[in-house]
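**Student:** Provide a 3D model corresponding to the input given below.
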Amino acid sequence: MLTSSEHKSGTDRVAEISEKINPDIVVNIQGDEPKIDPNIIDSLILLFNDSSVEMASVASTNLTGDDLTNPNIVKVYLDDNNYALNFERNISLQDQQYFRHIGIYAYRSEILKKFTNLAPTDNEKKFKLEQLRALDNDIAIKILITNFQHRSIDIKDDLKYYEI
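**Tutor:** Predicted coordinates for the structure are as follows:
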């Protein structure tokens with residue numbers, strides 16, 4: 001489906017399509033995630049069996065020491081129920097357990113619409129992390145933890161890990 005050329009993000013494009021087909025759950029896989037395991041997508045969708053889950057994403061335990069200091073790799077830390085407390089490019093809490101965020105999101109349709117109608121927040125603009133708009137507006141993000149050996153394409157040098 002073609003979408004408007006006026007959109008500022010892939011999330012806005014997904015929201016436009018969602019309005020046309022009206023699904024219960026919308027999954028948005030970022031373009032820099034070419035090798036997502038389909039089982040992860042299935043598991044992410046299953047989180048919505050809990051009616052309190054409005055938005056969800058994925059994080060991997062595959063996080064090295066070098067990753068912790070790499071601003072191109074987004075890190076997330078969680079509460080005891082696996083909800084995101086914050087997403088960071090540069091870690092701020094030395095004693096916190098971080099996970100490597102994976103660019104896949106799922107939303108209930110009404111939350112996706114609400115999210116895309118919200119103005120970008122100062123945090124989102126400062127850190128260039130769209131998901132901070134949700135947290136800044138009290139939209140909780142449930143995180144599926146996986147041990148998937150994940151590598152996104154964040155910079156040109158990451159292409160060497162893929163046969164394209």
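
**Student:** Now find how far off-centre the longest helix anywhere in the chain is within its chain.
**Tutor:** Secondary structure of the chain per DSSP state H: the longest helix is helix 10-21. Taking C-alpha atoms, centre = their mean, to the nearest Å, one finds the center of helix 10-21 at 16 Å from the center of the full chain.

**Student:** So, low pLDDT: which residues of this protein?
**Tutor:** Applying pLDDT under 70 to the chain picks out residues 1-5, 7-10, 31-34, 149-164.

**Student:** One more pass at 90, please.
**Tutor:** Along the chain, segments meeting pLDDT under 90 span 1-23, 29-38, 62-70, 72, 90-96, 103, 147-164.

**Student:** Now do the strands in it.
**Tutor:** For the chain, applying DSSP state E gives strands covering 25-29, 55-60, 75-78, 84-88, 99-108, 141-146.

**Student:** ranking these by burial, who's on top?
**Tutor:** Highest mean neighbour count among the strands of the chain (mean count of other C-beta atoms under 10 Å): strand 55-60, with a mean of 24. Quick note: C-beta positions are derived from backbone N, CA and C, even for glycine.

**Student:** May I have it as CSV, with CA atoms only?
**Tutor:** Provided in CSV are the C-alpha atoms of strand 55-60 (Å, rounded to 0.1, in the frame of the first residue of the first chain):
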residue,chain,number,x,y,z
MET,A,55,2.0,-1.3,23.3
ALA,A,56,4.9,-3.8,23.2
SER,A,57,8.4,-4.1,21.9
VAL,A,58,11.3,-6.6,22.1
ALA,A,59,14.8,-6.6,23.7
SER,A,60,17.6,-9.1,23.6
